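Visitor: missing the sequence, but the structure's below:
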Ligand code: GDP
């Protein structure tokens, strides 16, 4: 008999009660199912689609996500393949003082027509220049922070990186960092050797240093474009812009002007007169006054827009940076914004995103963590082995960078396998061999992987926020390292008399010779060279009074938990034992 599974469509987020209603089963059935899958939830708790899908599967349903949720909750900034050409977005990067700002200022001064540039009254993090009748969007250097944040989401905010290296100084640490950032984000690099007007300028030396980092000038048969410029005289700047356009053209950048706007927050500011403002860079579509949008997990509505010249505008198309007001809460640099059909949709979507972020967070409970650390401690391993899965290469790289920093002198986090995509049975299998934890970032867990992990006692932890992921893994690492035992000598005494001699407890009269002895101290008895045994101080009495400590000069009665065979004249040495928790280095 071919038994068809019943089909059900579920939203991205629902309460346990709503889920039970959609299956027409009592809510206790759902709670029980959740519990058997390791999720402790009550009737009004929100659960996300992935968790609901597991219950649905257990109850014999074939489940799929609601269509509008799929489209609106995963607005990945994919490359737009069709549409009209759009201006390239260019970021200038390099070591401090190598001339980034000067170069941007020179371009701003010379490539924005005179009439317009008079209007530049305030600084915004991005501007558009015009060269040979074409526009180029430049992101200012503070954009770096946003650049990293955006990259962590796996998207590209920039189409070309201008790598600035000063002709008199050559490659410095931040130059190398910029090269790595651009390469990791797969953005082509055009190198500008700046300050060529300086007497100490040595272009050839810089070219050699660049070659050592695999940026090889075309002069030497390489594929990289390197041009010498001066922000003082303007020499080489036109050539640089030509090369930037050429490099951009190879990518055939496109965008759909008519689409609802989608893009990123470049920088934010609180203006006492108008409230929160943010510079948004439109990636695709056109942003208009009155548009309802979601940024991060908040809703907003475009109240006013100004271009990079401070001029009020009504709309901003692809690659255009605009300063926008209309946020209820300050957004964060690097956050994605997307325009939706109405304010209500924006509010609902924002709410659902916010809840989803917490729902995923709740799925990692503190009992999960303590179970895990107990397991790892028992295995006496100094490494936390991790199978890492993320939604995109960018986030994977960002997380790996963060995890590499989580180290102690006794242990570290070791990624034994990594990949893009949902957590599957094969991830659980790789974890099994090495007793690893499966960690997912913005990915789903296949129901089959969940049940396999449950059976094999493999922990799967999923996150939506990198900070929470690194925070939990830090806790796991620190907690799983056996604390270091530190002993301090606190005092000495001689045994005078044994008042009570039970098997595991004695009352011993002693005279303190030195130090200060308190309850909880460990005591070690010796007889000449011979070790007699050790115990713990439970109580200290002086005459008939209980006291907190024993000091030299008088006799005290000690209640000691010990099975050692103590005799008068034995020496007692007291130590205080502390356990020092592991710390990050
Ligand atoms: P940033 O930190 O990379 O933004 O560097 P700046 O643009 O602030 O430049 C640092 C210093 O180098 C400033 O004193 C500039 O005047 C100087 N400078 C920048 N570009 C040039 C150039 O092409 N020629 C000369 N002679 N000085 C430059």
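Guide: Sure, I can see it. Being a predicted model, the structure only gives us computed values, none of them experimental. Numbers count the residues shown, from 1 in each chain.

Visitor: buried ones in the helix or strand hosting residue 413?
Guide: Under the criterion of DSSP states H and E, residue 413 resides in strand 412-420. Of the residues in strand 412-420, 412-413, 415, 417-419 count as buried by neighbour count, 16 or more other Cβ atoms under 10 Å. C-beta: built from backbone N, CA, C; applies to glycine.

Visitor: In JSON lines: these, plus distance to residue 58.
Guide: Shown next, in JSON lines, are the buried residues of strand 412-420 (distance: Cβ to Cβ, whole Å):
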{"residue": "412", "distance to residue 58": "38"}
{"residue": "413", "distance to residue 58": "33"}
{"residue": "415", "distance to residue 58": "31"}
{"residue": "417", "distance to residue 58": "28"}
{"residue": "418", "distance to residue 58": "30"}
{"residue": "419", "distance to residue 58": "27"}
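
Visitor: Closest one of those residues to residue 13?
Guide: residue 419 (26.5 Å; Cβ to Cβ).

Visitor: Surely the closest one and residue 389 touch.
Guide: Yes: counting by Cβ atoms under 8 Å, residue 389 is a contact partner of residue 419 at 5.6 Å.

Visitor: residue contacts, the most centrally placed residue in the chain?
Guide: The residue lying closest to the centre of the chain (Cα atoms, centre = their mean) is residue 466, at 2.4 Å. Taking Cβ atoms under 8 Å, 6 or more residues apart in numbering as the criterion, residue 466 is in contact with 152, 395, 398-399, 402, 441.

Visitor: biggest strand in this structure by residues?
Guide: Across the chain, the longest stretch assigned as strand under DSSP state E is strand 484-501.

Visitor: Direction included, what does it pair against?
Guide: Next to strand 484-501 in the sheet, as set by DSSP bridges, lie strand 505-515 (antiparallel), strand 571-580 (antiparallel).

Visitor: hang on, the earlier thing: now render the buried residues of strand 412-420 as JSON lines, adding pLDDT and distance to residue 433.
Guide: Formatted as JSON lines, the buried residues of strand 412-420 follow (pLDDT from 0 to 100; distance: Cβ to Cβ, whole Å):
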{"residue": "412", "pLDDT": "87", "distance to residue 433": "19"}
{"residue": "413", "pLDDT": "92", "distance to residue 433": "17"}
{"residue": "415", "pLDDT": "94", "distance to residue 433": "14"}
{"residue": "417", "pLDDT": "91", "distance to residue 433": "10"}
{"residue": "418", "pLDDT": "92", "distance to residue 433": "15"}
{"residue": "419", "pLDDT": "88", "distance to residue 433": "16"}
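
Visitor: could the residues you listed be laid out in TSV, adding distance to the ligand?
Guide: Output for those, formatted as TSV (distance: Cβ to the nearest ligand atom, whole Å):
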residue	distance to the ligand
412	35
413	35
415	35
417	40
418	34
419	37
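
Visitor: any idea which of those is closest to residue 509?
Guide: Distance to residue 509, by Cβ to Cβ, is smallest for residue 412 among these, at 51.3 Å.

Visitor: Could you pull up phi and psi at the residue nearest to the closest one when sequence neighbours are not counted?
Guide: In space, not counting the residues next to it along the chain, residue 412 is nearest to residue 383; the distance is 6.1 Å by Cβ to Cβ, 6 or more residues apart in numbering. Phi and psi for residue 383, reported as degrees, to the nearest 10, are phi -120, psi 140.

Visitor: show me the contacts for residue 197.
Guide: 230, 232-233, 235.

Visitor: Now do it against residue 476, distance only.
Guide: As judged by Cβ to Cβ, to the nearest Å, residue 197 and residue 476 stand 55 Å apart.

Visitor: What of residue 544?
Guide: Going from residue 544 to residue 476 by Cβ to Cβ gives 50 Å.

Visitor: Can you report how many residues neighbour the closest residue to residue 50 other than its chain neighbours?
Guide: Closest residue to residue 50 apart from its sequence neighbours, by Cβ to Cβ, 6+ apart: residue 444 at 4.7 Å. Residues lying near residue 444 (other Cβ atoms under 10 Å) number 20.

Visitor: oh, and call the first residue 614 from now on, that's how I've got it
Guide: Sure, I'll start counting at 614 from here, so that last one is residue 1057.

Visitor: confidence score at residue 1057?
Guide: The pLDDT attached to residue 1057 in the predicted structure is 83.

Visitor: Could you verify my assumption that it touches residue 665?
Guide: No: counting by Cβ under 8 Å, residue 1057 stays clear of residue 665, with 11.4 Å between them.

Visitor: and the spatially closest residue to residue 899 that is not a sequence neighbour, how many neighbours does it have?
Guide: Ranked by Cβ to Cβ, 6+ apart and with sequence neighbours excluded, the top spatial neighbour of residue 899 is residue 930, at 4.8 Å. Residue 930 has 20 neighbours, counted by other Cβ under 10 Å.

Visitor: same thing with residue 962?
Guide: As a burial measure, residue 962 scores 22 neighbours (other Cβ under 10 Å).

Visitor: likewise residue 720?
Guide: Per other Cβ under 10 Å, the neighbour tally for residue 720 reads 23.

Visitor: now stretch 881-889, how far from the chain's geometric center?
Guide: Relative to its parent chain, stretch 881-889 has a centroid offset of 27 Å by Cα atoms, centre = their mean, to the nearest Å.

Visitor: tell me which residues of it are tucked away?
Guide: For stretch 881-889, a neighbour-count test (16+ other Cβ under 10 Å) marks 881, 889 as buried.

Visitor: what does it contact?
Guide: Outside of stretch 881-889, the residues within contact range by Cβ under 8 Å, 6+ apart are 890-892, 917, 938, 940-946.

Visitor: May I see the PyMOL selection of the buried members of those?
Guide: PyMOL command restricting these to the buried ones, with burial defined by 16+ other Cβ under 10 Å:
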select buried, resi 890+891+892+938+940+944+946
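
Visitor: Keep the contacts of stretch 881-889, but drop any that are not near the ligand.
Guide: Among those, no residue is within reach of the ligand (Cβ under 6 Å from any ligand atom).

Visitor: In TSV: the contacts of stretch 881-889, plus pLDDT, distance to residue 1169 and secondary structure.
Guide: Shown next, in TSV, are those (pLDDT from 0 to 100; distance: Cβ to Cβ, whole Å; DSSP: H, G, I helix; E, B strand; the rest coil):
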residue	pLDDT	distance to residue 1169	secondary structure
890	89	72	strand
891	90	70	strand
892	90	73	strand
917	95	79	strand
938	94	74	strand
940	90	69	strand
941	82	67	coil
942	77	63	coil
943	76	63	coil
944	81	66	coil
945	73	62	coil
946	71	65	coil
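
Visitor: Next, format the contacts of stretch 881-889 as a markdown table and append distance to residue 814.
Guide: A markdown table is the format used below for the contacts of stretch 881-889 (distance: Cβ to Cβ, whole Å):
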| residue | distance to residue 814 |
| --- | --- |
| 890 | 40 |
| 891 | 39 |
| 892 | 34 |
| 917 | 46 |
| 938 | 45 |
| 940 | 46 |
| 941 | 51 |
| 942 | 48 |
| 943 | 43 |
| 944 | 42 |
| 945 | 40 |
| 946 | 35 |
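
Visitor: Now residue 622: which helix or strand?
Guide: Using DSSP H and E, residue 622 sits within strand 619-623.

Visitor: Provide the partner residues of residue 1036 in its beta bridges.
Guide: Beta-bridge partners, per DSSP bridges, of residue 1036: residue 1058.

Visitor: Count the residues that sit near whichever residue of the stretch 964-1113 of the chain sits closest to the ligand.
Guide: Nearest residue of the stretch 964-1113 of the chain to the ligand: residue 1014, at 23.6 Å (Cβ to the nearest ligand atom). Using other Cβ under 10 Å, residue 1014 has 14 other residues around it.

Visitor: Perfect, I'm done here.
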